[in-house]
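A.B. asks: Okay, structure incoming, though there's no sequence with it:
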Ligand SMILES: [Zn+2]
């Protein structure tokens, strides 16, 4: 058995998360950052490049 990594303390059925808890964790991270735009700024600073949904031809 594996403990769900969202922090709920419940057991998974083999994956890293209980069903739906990946979304719960994503929402919690977004809230902690002060919203999606703030989260983007924080992560962009961390990785040193812009995050975009545009496709690139690299
Ligand atoms: Zn969980």
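C.D. replies: Cool, the structure landed. Quantities reported herein were computed from a predicted structural model and do not represent experimental measurements.
A.B. asks: Could I get the average pLDDT for stretch 33-48?
C.D. replies: What stretch 33-48 shows for mean pLDDT is 98.
A.B. asks: Any figure for the gap between the spatially most central residue of the chain and residue 20?
C.D. replies: Centroid-nearest residue in the chain: residue 26, 4.0 Å away (criterion: CA atoms, centre = their mean). Residue 26 sits 11 Å away from residue 20, going by CB to CB, to the nearest Å. Yep, even glycine has a C-beta here, placed from its N, CA and C like the rest.
A.B. asks: With residue 52 instead?
C.D. replies: 28 Å.
A.B. asks: near the ion, which residues of the protein show up?
C.D. replies: For the chain, the residues in contact with the ion (CB under 5 Å from the ion) are 4, 6, 8, 18, 21.
A.B. asks: In contact with the first one, which residues?
C.D. replies: Translated: residue 4. 10-12, 16-18, 21 (CB atoms under 8 Å, 6 or more residues apart in numbering).
A.B. asks: residue boundaries of the helices in this protein?
C.D. replies: For the chain, applying DSSP state H gives helices covering 21-33, 36-47.
A.B. asks: what's the angle from the longest one to helix 36-47?
C.D. replies: When axes from the mean of the first three to the mean of the last three CA atoms, to 10 degrees is applied, the directions of helix 21-33 and helix 36-47 differ by 90 degrees.
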